[in-house]
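Novice: Give me a 3D structure for the following:
(2 chains)
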Amino acid sequence: MKGRHQVERIIDPLAGSLWPSQARLQATADYQGDPTWESRLPREPWVLVAGVGYTNLRDLSLGPALVTRLQRDRWPAGVVIADLSYSPIDVLFQLQAAPRFSLGIFAGAAPRGRPPGSVTVMPWNPPAITLDELQSRVSEAVTGVIDLENLLLILDHFGALPVQVTVVEIEPFDQSWGDGFSALGEAALEEAERRVRALLRQVLAEMEA
Amino acid sequence: MCFKNLPIEFDESGRARLRGDVRDPYAYTSTTAVATQQERIEELLRRNGHIQEVSIDPVTRVAGALAFHAVVDLENRQVLDAHSMATLFRGYEVILKGRDPRDAIFISSRACGVCGGVHANCSAEAIEMAFGTPPPPMGIIVRNLGQTAEFLYDHPLHLFLLAGPDYSEAVIRATNPEIWERAQTAPARNAGVHGFKTIGEIMTALNPLTGSLYLEALEMTRKAREMTVLVWGKYPHPQTIVPGGISTTISMKVFNDYQVRLFDLLDYSKKMALLWDDVFDFLYEVEPRFRQVGARPKNLIDAGIWDHHEAYDADYRHADRWGERRWNTPGVVRDGELVTTNLHLLNAGLEEFVEHSYYEAWDDYPIKTDPVGNPLSPYHPWNKQTRPKPTGRSWKEKYTWDSTPRWDRSVMEAGVYVRMWTTAAARKIPQNPFIESTGESLRMLVPKGRLPEMTLEWRIPSDWNAIERNRARAYAEAYTALVALNNLLSGYELMKQGNTAVSRDFTVPRDFRIGVGFWGAGRGYLTHHLTMDGGVLTNYQIITPSTINASPRDPWGNPGPYEEAVLNTPIIEQFNSPEDFKAIDILRTIRSFDPCMPCTTHVFAGERVVVREVNTCACILEE
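Specialist: Take a look at the predicted model:
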């Protein structure tokens, strides 16, 4: 791919620093109800890599930590590396104001009773939940809860998820307060970063081809 | 004379002092009635099958960790006992001690994930009082613009996403089918404004996630948040609020962008007030017992908010004057009567007790008077120490992490509705073209947008209950939007004069200082009290509206506002067996206060951090 450059940052309070300028321009068209916006999607990759989680909760903070690592690199235009560790409703608003991403990679720690430090890469399959259950997730979201699963469920309900979603989950070992990670968490972070980079390489190669 | 329990009197010049004939003016004896009452309730539970314990943990559709325990007589449809429990420890007071005071703005902001700006502003006011650094006029205006926008987000959020579903078709059908039956044909009086022909149509539109009003509210919260971000740079937890002002760069474009969105919300506020009027008037009509749901005495407190840019000087000595020139008049209402609007007296009457909380008492009494000589209690926030001690867990002893704030040793209630009430009753709102305080009401001229110009009038209600809390909140959207409009117009004027400075330089003093932020959250009353010495904080105490409303019994055995309101609530819900009982009337009561238990999930609970259980199927692609 030609013309690699760092994703342009917008100094605009409404855009925050999350989206490239290209997204902002197209979002405006969408916002004004232009029905043709989707056909004008960029031909470049339009990929979101997001980390979700609280900070200073040891291994539970691996999602945002992964994003911090990835943000140190230069990525092609159209690859957005974002820490989405804030209210899922605000994330929803951000995503609704941009063209739909073709691929989303969402990373975070999730305790599921697997071997601590294991990394799971999977397509996201929404659980069957009732509207009441979903409403309780929205209530949590608007009252400040940051949670990867809530985020995915809410984005899915409002049609704001990327076309294709891959979830990278890390099984935490140390779930107590504090910065840094356990040795198992640290190893998992390395592994998760390797997997995400591999996924991105694959996507970018496919797009280039 | 506003005090009737504390031994405070006033001299000829109106200065408060302690009465000379009381030897130990703040001493008290804790009642033993709470223990006796608990034994009686336990006996009733043992003897009667129809008397049941109802534990709601967590109370959903509220912010943070709140649990509620009630004892309900299902046969006689009565609540016999009620306990409100803040189940998690906040601890911001402990975190802030010993820190640079400037950190407090950013750390205390995190006390709440919903009101991410109110603590920052309140903290900034406390600090700039201690530093002696008032913001320039434009700094005050911009703070107000952000703070109004935050509430324009918060009120619809509560009315449509959190409390609103309690009045939706989905809930009414399940709990009171007889009401739903009538709602379907009951005409909506204000259909011309909001477009819904019947109450049933409104209730359907309130259905969570699918109803048009629910979805519209979500969209309106976006606009309000955009307004907040325009003037505060970031939301939640703005990084631009500093002692002595704000660090945002303000331009005509920013004001214009803000104004475009404000006019959308002004229109929305017309619809919001009138559609909730329709729902609530209908409910009173079909079921008069709704007047008792959530009822409690009209004892209310509010610290005021939104300083006037020509009045506020961050000096405690003048707080009585600048407080009364706020866009929201501070005040205390006792038995329905406004007894003071003076911030000095409001502050002097404050005490915080811990008899039924997981804290231990303190002995220090360093600050006996405020900076103008008003007497202060040893239990006043400037004297209080936060000492966590989760022992003695029982209804008779300690059962919550919340403390017990009281004013003049009376149970007070906080809320945005108190903001409306004190401002309406005081008739002290600054001269302006849009809002009139009549003594009995707030009359609001909402300008033309897509909808025509309209006068809305919120009247101080004769009944005080869950419905009136929510009704006032619905009208608060228009009130807040008009305060924003007034400030925006003043901002344009200042800009025209070239008066655009938004902050002032300061130095951190090294000597002993004292400060208090009198402010408000989306849910009403908010104060931050601090002392500092040697350039660091020596004490920091936060009282939020939910600290007041969720408080447990006080030393005299009086229940806190949630508890009291639930105890007064009749069970209107229809159910065939105890298993069907959904406790909707209790929940409506609690949610009408818009509970917000600061800290949300980001808190310590014993040895574990609270995380959500994961439900998504982990269909593994690669491991």
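
Novice: For the rest of this, base every contact and every neighbour count on C-alpha atoms.
Specialist: OK.

Novice: pLDDT score for the residue nearest to the spatial centre of chain B?
Specialist: With distances taken as CA atoms, centre = their mean, the residue of chain B nearest its centroid is B:R523 (2.2 Å). If you check B:R523, the pLDDT there is 91.

Novice: what's the answer for the one 10 residues further on, then?
Specialist: Reading off the confidence values, B:D533 has pLDDT 98.

Novice: So what pairs up with it in the strands?
Specialist: B:D533 has these beta-bridge partners by DSSP bridges: B:V536.

Novice: how close does it sit to B:P366?
Specialist: 13 Å (CA to CA, to the nearest Å).

Novice: Looking at the two, which one has more neighbours?
Specialist: Ranked by neighbour count (other CA atoms under 10 Å in any protein chain shown), B:D533 and B:P366 place B:D533 first, with 16 against 10.

Novice: Could you list the low-pLDDT ranges of the chain?
Specialist: No chain was given, so I picked chain A. A:1-45 (pLDDT under 70).

Novice: my bad, the chain I had in mind was chain B
Specialist: B:57-58, B:60-65, B:597-623.

Novice: ok, now which ones touch the residue nearest to the centre of chain B?
Specialist: B:R523 sits next to B:414-416, B:545-546, B:593-596 when contact means CA atoms under 8 Å, 6 or more residues apart in numbering or on different chains.

Novice: Which of the residues you listed sits closest to B:E128?
Specialist: B:P545 (22.4 Å; CA to CA).

Novice: Give me the distance between B:H529 and B:P330.
Specialist: The value you get for B:H529 to B:P330, if CA to CA is used, is 17 Å.

Novice: between those two, who's got more neighbours?
Specialist: Taking neighbours as other CA under 10 Å, B:H529 and B:P330 compare with B:P330 leading, 31 against 24.

Novice: Excluding covalently adjacent residues, which one is nearest to the more buried one?
Specialist: Using CA to CA, 6 or more residues apart in numbering or on different chains and skipping the chain neighbours, the partner closest in space to B:P330 is B:G304 (3.8 Å).

Novice: just the strands in chain A please.
Specialist: Ranges of strands within chain A are A:47-51, A:79-83, A:103-109, A:119-123, A:164-170, based on DSSP state E.

Novice: can you list the residues of chain A near chain B?
Specialist: A:13-14, A:16, A:54, A:90, A:93, A:110-112, A:118-127, A:131-132, A:135-136, A:139-140, A:142-145, A:147, A:149, A:175-177 (CA under 8 Å from any CA of the partner chain).

Novice: Now, of those residues, which are buried?
Specialist: Taking 16 or more other CA atoms under 10 Å in any protein chain shown as the criterion, what is buried in the residues of chain A next to chain B is A:13-14, A:54, A:90, A:93, A:110-111, A:118-124, A:135-136, A:139-140, A:142-145, A:147, A:149, A:175-177.

Novice: what's in contact with stretch B:255-272?
Specialist: By CA under 8 Å, 6+ apart, stretch B:255-272 touches B:152, B:193-194, B:220, B:223-224, B:227, B:230, B:446-451, B:454, B:456, B:474-475, B:477-478, B:481-482, B:484-485, B:488, B:492.

Novice: Could you say which helix or strand holds B:I301?
Specialist: strand B:300-302 (DSSP states H and E).

Novice: and the helix or strand following that strand, what other elements does it pack with?
Specialist: Following strand B:300-302 in sequence order, the next helix or strand is helix B:319-324 (DSSP H and E). Under the contact criterion of 3 or more CA pairs under 8 Å, 6 or more residues apart in numbering or on different chains; DSSP states H and E, helix B:319-324 touches helix B:343-348.

Novice: Need phi/psi at the residue nearest to B:K389 when sequence neighbours are not counted.
Specialist: The spatially closest residue to B:K389, leaving aside those adjacent along the chain, is B:Y359, at 4.6 Å (CA to CA, 6+ apart). When read as degrees, to the nearest 10, the backbone of B:Y359 gives phi -140, psi 160.

Novice: Now do B:Y359: how many residues are near it, please.
Specialist: 21.

Novice: B:Q385 is in contact with that one, correct?
Specialist: No - between B:Y359 and B:Q385 there is no contact under CA atoms under 8 Å: 9.5 Å.
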